[in-house]
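Engineer: Sequence plus the predicted model coming up.
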Amino acid sequence: MPSKKVLDIKQKKVEELSKKFENATMIMLVEYRGINVEDDTKLRAALRENGNECMVVKNSTIEFAAKNAKVEGIENLEGPTAVIIANENYIEAAKAVYDYAKDHDFYRIKLGILEGRKVEESEIKKIANLPSKETLYTMLASALLGNIRNLAVVLNQVKEKQEENA
């Protein structure tokens with residue numbers, strides 16, 4: 001049986017991960033077997049760039065943390081697992097993971113939890129292909145500007161017509 005010190009360390013890890021799960025918008029679990037140090041460093045940097053986090057944790061710790069955080073759908077994990085915690089920029093996290101996975105057969109997405117709902121790899125791929133917030137804002141601004149421009153033209157035509165009639 002492990003010593004009290006070892007149990008305390010494990011319990012602290014579970015508590016820390018539970019808090020991260022509770023605050024996460026998206027959690028992704030990936031099979032990381034076969035990734036080399038250089039690629040791992042690049043992937044982690046891409047995730048951190050957008051405020052996301054990647055860590056390798058024992059499956060039992062992940063399962064205990066999920067249970068403590070009342071996150072359903074994470075159980076019976078097998079093989080080496082990396083946990084990606086995404087908050088506001090979960091689309092960018094999905095993009096980084098998906099882009100890496102499509103170029104490396106051994107790196108696969110096991111499952112994801114998005115806002116408390118279990119999602120499969122296919123749904124994460126769809127999320128990864130969504131435009132970024134900045135792109136969506138640009139598209140919205142362009143559409144609004146176009147509508148405002150059209151309204152201005154119509155109002156100007158009405159004004160000219162009224163001036164002609166007067």
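Structural biologist: Yep, that arrived.
Engineer: and the protein, what are its domains?
Structural biologist: Following the assignment in automatic domain parsing, the chain carries domains at 4-130, 131-166.
Engineer: just those: most buried one?
Structural biologist: Highest mean neighbour count of the domains of the chain: domain 4-130, a mean of 17 (counted as mean count of other C-beta atoms under 10 Å). The way it works is simple: take the backbone N, C-alpha and C, and place the C-beta from them, glycine included.
Engineer: Quick one: mean pLDDT for it?
Structural biologist: In this model, domain 4-130 has a mean pLDDT of 90.
Engineer: from the chain's centre, how far out does that domain sit?
Structural biologist: Centroid displacement of domain 4-130 relative to its chain, using C-alpha atoms, centre = their mean, to the nearest Å, is 9 Å.
Engineer: For the chain, just list every one of the strands.
Structural biologist: In the chain, the strands defined using DSSP state E lie at 26-31, 53-56, 81-86, 108-114, 117-119.
Engineer: Which parts of the chain are helices?
Structural biologist: Counting by DSSP state H, the chain has these helices, from start to end: 4-23, 37-49, 59-68, 90-103, 121-128, 133-165.
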